[in-house]
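[1] output the structure for:
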Amino acid sequence: MKKVFLYYFRRRIPAILILMVALSIMTIIIQAQSSFISYSQTQEVSQRTEIHGQTNPFIYLSVLACVIVSVIPILEFSFKMKRRSVDLYYSLPIKRIKFYIVKYCVGLAEFAILFIPQWLISFIWLATTPSVTTVYDMSYYLYYLLAAIGFGIMVFSFETFFFTMGNALVDGIIFMVLASCFLPTLMNVMYSLILKADTSDRTLYMRWFFMYSPFFDLSVNFYSKMVSTTSSSINVLGLVLNLALASLAILAFFFINSERNNAELVGDESDSVFGYKVLIPLYMVTSFKLISSSISALWVVIGLAGYLFYCVYRKSFRIKRHDIISLGVSIIIGVLIAIFIWQF
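    Have a look, this model is predicted:
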């Protein structure tokens, strides 16, 4: 398996190097336009001044990490959506489970190779900025790197699983987006039912449970600690739930992809239970709670959106009878839950 990994990795080196150079140039440009807290020579140490505003250097790195871990699954596993590529890869003399382990590990290596140089550029730029090191505790840059790689593996595992559940490229990308955003919408409804939280609190809860939110909570928290200010809190429950989901996702990824995904399914309807079959009804049920009771006209918009998703699922404007039943039942349940929350 080591030889297979090295073979695939060597094939990816030219593309990785091109991306790394492009990202490095972008990082240098962004760093050059950023500004950081600094001390003037005439001020006391306790007095901070800002040079043309204050920039959190971790925000850019977190956005970059999110983009990388979202794009790599598409680059590594889009072969499943092309019949010729599937026939080629599945004919290789290697067990299916080992093949997917290799592709998964190559993806992780690509994430590390693309992200770490950007972190290093940011670190060097900040460390060589005059007077900045007297303000910042630069050790938090190392802590951030370790945490970001850990979160990157978590999100990469989650997104890889849902992308590979699609039989077409568009379906895989839609699964990634819907799966990433579902937990916040579900928790919004749960908090409304159980805690009767107000709108601002529910918005905060939704952000907490977004799959990518640990990156940004990490950015704010570590930056606060780096400049010796009060650190913000990190939602432990949201982090644990996302970590559990990512762990289950990667186990399911290896198991399902090693047992199914015949070449005949390429380009066909994506019938996985982790795709449209479950995600559309769940979103329909939870979406009604996201709008105000006084804007009932949006109910029609939600119903139409559900129909259009079924059209994408079936690749036709003529959806099946059980799709219509599922859509209707989801709308009824969603409206009933929304009315119950609004009234009580």
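
[2] all strands for the stretch 1-150 of the chain, in order.
    37-38, 49-50 (DSSP state E, counting those that start in this stretch).

[3] confidence-wise, which of these is weakest overall?
    When the strands of the stretch 1-150 of the chain are ranked by mean pLDDT, strand 49-50 comes last with a mean of 40.

[4] got the domain ranges for this protein?
    Domain assignment for the chain by automatic domain parsing gives 2-37+50-272, 275-344.

[5] lowest-confidence stretch among those?
    domain 2-37+50-272 (a mean of 77).

[6] ok now that one, how far from the chain's centre?
    6 Å (CA atoms, centre = their mean, to the nearest Å).

[7] start and end of it, how far apart?
    For domain 2-37+50-272, the separation between the terminal residues is 31 Å (CA to CA, to the nearest Å).

[8] equivalent analysis for stretch 71-85, please.
    Start-to-end, stretch 71-85 (CA to CA) is 19 Å.

[9] give me the contacts around that stretch.
    With contact meaning CB atoms under 8 Å, 6 or more residues apart in numbering, stretch 71-85 is reached by 86, 89, 103-104, 106-107, 110-111, 156, 159-160, 163-164, 166-169, 172-173, 176, 261, 263, 266-267. Where C-beta positions appear, they are placed from N, C-alpha and C, glycine not excepted.

[10] mind checking which of these land in helices?
    Among the contacts of stretch 71-85, the ones falling in helices (DSSP state H) are 86, 89, 103-104, 106-107, 110-111, 156, 159-160, 163-164, 169, 172-173, 176.

[11] ok, and the closest non-adjacent residue to the most centrally placed residue in the chain?
    By CA atoms, centre = their mean, the chain has its centre lying nearest to residue 212, at 4.7 Å. In this structure, residue 212 finds its nearest non-sequential neighbour in residue 66, 5.1 Å apart by CB to CB, 6 or more residues apart in numbering.

[12] same thing with residue 172?
    residue 166 (3.2 Å).

[13] list the contacts of the one you found.
    81, 172, 173, 174, 175, 270, 272, 275.

[14] how about the helices in the stretch 1-150 of the chain?
    2-32, 57-77, 83-90, 96-127, 139-164 (DSSP state H, counting those that start in this stretch).

[15] helix, strand or coil for residue 253?
    helix (DSSP: H, G, I helix; E, B strand; the rest coil).

[16] tell me the contacts of the residue nearest to it when sequence neighbours are not counted?
    Excluding the flanking residues, the one nearest residue 253 by CB to CB, 6+ apart is residue 161, at 4.1 Å. For residue 161, the contacting residues are 249, 250, 252, 253, 274, by CB under 8 Å, 6+ apart.
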